[in-house]
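> Let's see this in three dimensions:
(2 chains)
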Amino acid sequence: MGSPFASFYEWIRVVCFHVGGVSQLTLSAFVRILHRPFRFRLWFEQMEQVGVNSLVVALLTASFTGMVMVLQTGVQLARFQSENMTPGIASLALLREIAPVLTSLAIAARVGAAITAEIGTMKVTEQLDALESMGTDPVQYLVVPRLVAAMVMLPLLTILTDLVGILGGCLVGVTKLGITFHYYLDITFQWVKIEDFMSGVLKTVVFGAIIAIIGCYTGFTSKGGAEGVGVATTRSVVASFILILVSDYFLTEILLKVI
Amino acid sequence: MVGHAESNFLNSAREDPRIRLEDVHIAFGPNRVLRGVNLRIAKGETLVVVGRSGEGKSVLLKHIIALLRPDRGEVWIDDYRMDTLEMSLLTMVRKKVAMIFQGSALFDSMTVEENVAFPYREEKRLPKKEIRERVVENLRRVHLTDPSVLEKKPAELSGGMKKRVGVARALSMEPEIVLWDEPTTGLDPVTADAINDLIQETQEHTGATSVVVTHDMASAFKVGDRMALLHRGRIVYEGTIEETQDTTHPLMRQFIDGTATGPLTEEEEEDLG
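Numbering: from 1, shown residues only, chains lettered A, B, ... in the order given. Okay, the predicted model is just below:
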């Protein structure tokens, strides 16, 4: 067999192996959410990690994104004397796409990487083996709390980033584009419907699951020492980014039909 | 002459083994690590498995507790076939088995107290106060009596202390079988001997069946009832400690004497040649 075919075959084999592994982990984690023991203490600890500790990163990302969105939109629309549409267009884009996706990417970089590094270190130092040898299910103990935390906290963070993003945009609209505060909010509420807000927030439930599952899976499959954990962490962030962006398109298609 | 107790273990291992490995094979890619391991371990005995580094001693140990599954062969604890056991039964059997890992494998996000209390907390049978009392008692058994150690994280402990905490955590499982993975590796001779004493004390305290994997012969002779040599993926020698001390088995003899030339290394040179 020629080497290009051999390497293509090997690539397909590796991709199938990981798709199978991720699917298996996803299924077993969701099954275990509903089964005892419910480790609520661990759930809340992870919620603090994913949500509370990510608040600053998420809010900074949202506020500056909201600001730059309004600045860019306002300047471009001014060329067509349509700057009065700026609050509506910017807020719609923010709620439907920008805030959920950027918040998820920021959380994937911060939390997904931390999950992989922690579980990967546990793997290479035999802590996972120790856990399993004591009769504790690593999926129940490690994956379920992270999955629940990410699926609950990412939508909550997104609600906050929606709000902060709009306020950041409003600040730029008022100070740089000469739009009044009341007009900005009036136009925003005229253009934005509850469906737009819901569509963005609902997507982040899926993005949260992606971040937690990919973070845990790459941690579980990391090999070697510190170098292996480093490689796994990079893979985790890259894979989460790609999956969030790809799934965003398909989720948008579905949600546009459903909501 | 073979000691009475050791001879009893030998008979018991043959007739009514607590742990049984039959024709166990495993390969990692092209690397065939175990190539037909047969081993029987009697109730209450301490079997020491020795062998050169990279021979698959830890792999063998992980098969006993089903952390690894063989490509071929069977692993039994009592009447449970570990390599095919369904999850709920496997969890039940695992709770009777404590493994002390080479690097201690303490949970580094937890304090010493939380590590040692972990098996009790997982069981959820005991009140908090009693768990703490048992943790203190188990740490006392491994000669860690300073109360400040309870609040320390594993990263703040020396290698010897980590091993002791690992043993204390194992004691919290109230195990019937204890698996020791290279218990003295990386420790200075004095601490290593203290760990050997600890293995003996644990054995006396729990009456458990023990499997110790090591290449430290001083440790092997001190703690074992019987010894087995793992070489090229198979058990090539088995004997009681007294038999082993005077053995003329060429592979075992070379391993005991620790000489660089002999049948153990000749085969390796042939492979390289």
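> count of residues packed around residue B:51?
For residue B:51, the count of nearby residues is 24 (other Cβ atoms under 10 Å in any protein chain shown). Every C-beta, even on glycine, is put in place using the N, C-alpha and C of the backbone.
> Pull the contacting residues for it.
Going by Cβ atoms under 8 Å, 6 or more residues apart in numbering or on different chains, residue B:51 touches B:57, B:215, B:229-231, B:255.
> Make a markdown table from those and add distance to chain A and neighbour count to it.
Compiled in a markdown table, those are given as follows (distance: Cβ to the nearest Cβ, whole Å; neighbours: other Cβ atoms under 10 Å in any protein chain shown):
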| residue | distance to chain A | neighbour count |
| --- | --- | --- |
| B:57 | 14 | 24 |
| B:215 | 18 | 18 |
| B:229 | 25 | 25 |
| B:230 | 20 | 23 |
| B:231 | 24 | 19 |
| B:255 | 26 | 25 |
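> Give me the subset of those residues lying in helices.
B:57, B:255 (DSSP state H).
> Stretch B:60-72: end-to-end distance?
Using Cα to Cα, to the nearest Å, one end of stretch B:60-72 lies 13 Å from the other.
> sorry, that was for stretch A:27-40
Span of stretch A:27-40 from end to end, Cα to Cα: 20 Å.
> cool, stretch B:134-154 as well?
19 Å.
> ok, and for that stretch, which residues are buried?
For stretch B:134-154, the neighbour count (16 or more other Cβ atoms under 10 Å in any protein chain shown) marks B:134-136, B:138-139, B:141-142, B:144, B:149-150, B:154 as buried.
> Out of those residues, which are close to chain A?
Among the buried residues of stretch B:134-154, none lies close to chain A by the criterion of Cβ under 8 Å from any Cβ of the partner chain.
> Mind checking which of those land in helices?
Among the buried residues of stretch B:134-154, the subset assigned to helices under DSSP H consists of B:134-136, B:138-139, B:141.
> Show me which residues of the stretch 1-150 of chain B are close to chain A?
Residues of the stretch 1-150 of chain B lying close to chain A by Cβ under 8 Å from any Cβ are B:62, B:65, B:67, B:87, B:91-92, B:94-95, B:97-99, B:101-103, B:105-109, B:118-119, B:122, B:124.
> Go through the residues you listed and flag which are in strands.
Applying DSSP state E to the residues of the stretch 1-150 of chain B next to chain A, the entries found in strands are B:97-99.
> quick one: which of those residues is most hemmed in?
residue B:98 (29 neighbours).
> what does the stretch 151-273 of chain B put close to chain A?
When proximity is defined by Cβ under 8 Å from any Cβ, the stretch 151-273 of chain B lies next to chain A at residue B:173.
> which stretches of the stretch 151-273 of chain B form helices?
Ranges of helices within the stretch 151-273 of chain B are B:159-172, B:189-206, B:217-223, B:241-245, B:250-257, B:263-272, based on DSSP state H, counting those that start in this stretch.
> Same question for the stretch 101-250 of chain A.
Using DSSP H, counting those that start in this stretch, helices in the stretch 101-250 of chain A cover A:113-124, A:127-133, A:138, A:144-176, A:181-191, A:194-220, A:226-258.
> Extract the CA atoms of the second one and return them as CSV.
Spelled out, it's helix A:127-133. Taking C-alpha atoms only, helix A:127-133 is exported to CSV below (Å, rounded to 0.1, in the frame of the first residue of the first chain):
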residue,chain,number,x,y,z
GLN,A,127,-4.8,8.6,40.7
LEU,A,128,-7.5,7.4,38.2
ASP,A,129,-6.3,3.8,38.8
ALA,A,130,-6.4,4.4,42.5
LEU,A,131,-10.0,5.7,42.3
GLU,A,132,-11.1,2.8,40.2
SER,A,133,-9.3,0.3,42.4
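> What helices and strands are in contact with it?
helix A:113-124, helix A:138, strand B:97-100 (3 or more Cβ pairs under 8 Å, 6 or more residues apart in numbering or on different chains; DSSP states H and E).
> ok, then the element right after that helix?
Once helix A:127-133 ends, the next helix or strand along the chain (criterion: DSSP states H and E) is helix A:138.
> Close to chain B: what parts of the stretch 1-150 of chain A are there?
Near chain B, when you scan the stretch 1-150 of chain A using Cβ under 8 Å from any Cβ, you find A:37, A:118, A:121-122, A:125-127, A:129-137.
> which residues of chain A score low on pLDDT?
A:1-2 (pLDDT under 70).
> residue closest to the middle of it?
By Cα atoms, centre = their mean, the mean C-alpha position of chain A lies nearest to residue A:104, the distance being 2.5 Å.
> Look up how far residue B:178 lies from that one.
46 Å (Cβ to Cβ, to the nearest Å).
> With residue B:47 instead?
Distance, residue B:47 to residue B:178, by Cβ to Cβ: 11 Å.
> Find the residues that touch each one of these two.
Each of B:210-211 lies in contact with both residue B:47 and residue B:178 under the rule Cβ under 8 Å, 6+ apart.
> re the thing from before, for the ones in helices among the buried residues of stretch B:134-154, give me JSON lines that also has pLDDT.
What follows is those, written out as JSON lines (pLDDT from 0 to 100):
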{"residue": "B:134", "pLDDT": "94"}
{"residue": "B:135", "pLDDT": "95"}
{"residue": "B:136", "pLDDT": "95"}
{"residue": "B:138", "pLDDT": "92"}
{"residue": "B:139", "pLDDT": "93"}
{"residue": "B:141", "pLDDT": "87"}
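> so which residue of the stretch 101-250 of chain B comes closest to chain A?
Nearest residue of the stretch 101-250 of chain B to chain A (Cβ to the nearest Cβ) works out as residue B:105 at 3.9 Å.
> Go ahead and confirm that residue touches residue B:166.
Yes: between residue B:105 and residue B:166 there is a contact under Cβ atoms under 8 Å: 7.0 Å.
> Contacts for stretch A:120-129, please.
Against stretch A:120-129 from outside (Cβ under 8 Å, 6+ apart): A:119, A:131, A:138, A:142, A:218-220, A:222-226, A:228-229, A:232-233, B:62, B:67, B:99, B:101-103, B:105-108.
> most tightly surrounded among the helices and strands packed on helix A:127-133?
strand B:97-100 (a mean of 27; mean count of other Cβ atoms under 10 Å in any protein chain shown).
> so what strands line up beside that strand?
strand B:177-181 (parallel) (DSSP bridges).
> Rounded mean pLDDT for the partner strand, please.
Averaged across strand B:177-181, pLDDT comes to 94.
> How about stretch B:246-265?
Here stretch B:246-265 scores 87 as its mean pLDDT.
> Let me know the distance separating residue B:190 from residue B:196.
Distance from residue B:190 to residue B:196, by Cβ to Cβ: 11 Å.
> higher neighbour count, the two?
Taking other Cβ under 10 Å, residue B:190 and residue B:196 do not tie; residue B:196 has more neighbours (21 against 9).
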